[in-house]
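Participant: Build me a structure from this.
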Amino acid sequence: MTFRQLSAGLPDQAFVTDGLVTKRVLRAFALAVLAPGAGERLWDLGAGTGSIGIEWCRLHPANTAVAVERHAERVERIRVNAASLGVAGQLEVIEASVADAIATLPVPDAVFVGGGVDEVTLRRSWDVLASGGRLVVHSVTADSDVVLLAALREWGGELNRIAVETAEPIGRFTGFKPARSVTTLATVKP
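Facilitator: Below is the predicted model of the structure:
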């Protein structure tokens, strides 16, 4: 299937996944607040299927991303997704833990953290960003929410909780099924 869409938020089925994919609505929101410009580099930390980095690269042919993922089978899926969506040459995939890889990565213009968040990863990501660099983090646990609240208090930005419900059949009727809500921190380094 070919996806000609030039805006963020490809359908979830555009990605080969084991179920851990940043869902379309959340991906579009993340990319909106990451605010990619032409020729910029993104770190996609805890990349899973690589959906954020891939869509970042699709928004401009000069954009690049580094996807860090520790699970070998997910690393292969990221490569398959990047190739099928036309950005294999723009997306570098690194199989490693974020903690091991982060010191070796090229300097980013923006960082997305989607696969587990901790204070050390956030601090290292923030410290490497230049003025105007953007940091966006998703959390689905109360433990991670605490980390994001502390970061908000220190660095400012926006803390949002996004809840999405999808219509599906309930017998002969249609109802809404809620997905797990996601807390997101979006901040720009002064």
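
Participant: Output the lowest mean pLDDT helix or strand found in the chain.
Facilitator: helix 98-101 (a mean of 92; mean pLDDT, DSSP states H and E).

Participant: Render the CA-only coordinates of that helix in PDB, please.
Facilitator: Provided in PDB are the C-alpha atoms of helix 98-101 (Å, rounded to 0.1, in the frame of the first residue of the first chain):
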ATOM      1  CA  VAL A  98      18.800   4.400  25.300                       C
ATOM      2  CA  ALA A  99      21.200   4.800  28.200                       C
ATOM      3  CA  ASP A 100      24.000   3.100  26.200                       C
ATOM      4  CA  ALA A 101      23.400   5.000  23.000                       C
END
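
Participant: Could you pull out the strands in this structure for me?
Facilitator: Secondary structure of the chain, counting by DSSP state E: strands at 41-45, 64-69, 91-95, 110-113, 134-139, 158-162, 165-170, 173-178, 182-188.

Participant: list the contacts for the residue nearest to the spatial centre of the chain?
Facilitator: The residue lying closest to the centre of the chain (Cα atoms, centre = their mean) is residue 52, at 4.2 Å. Residues in contact with residue 52 (Cβ atoms under 8 Å, 6 or more residues apart in numbering) are 22, 27, 30-31, 34, 42, 44, 65, 112, 114. Bear in mind the C-beta positions are built from the backbone N, C-alpha and C, glycine included.

Participant: 10 Å instead, please
Facilitator: Counting by Cβ atoms under 10 Å, 6 or more residues apart in numbering, residue 52 makes contact with 8, 21-22, 26-27, 30-31, 34, 42-46, 65, 67, 110, 112-114, 136, 138.

Participant: Residue 102 too?
Facilitator: Listed by Cβ under 10 Å, 6+ apart, the contact partners of residue 102 are 43, 45, 68, 94, 96, 111, 120-121, 124-125, 128.

Participant: Out of those, who's the most crowded?
Facilitator: Most neighbours among these, by other Cβ atoms under 10 Å: residue 45, with 31 neighbours.

Participant: what stretches of this structure score poorly on pLDDT?
Facilitator: Applying pLDDT under 70 to the chain picks out residues 1-6, 115.

Participant: Please repeat the previous calculation with a cut-off of 90.
Facilitator: 1-14, 16-23, 114-117 (pLDDT under 90).
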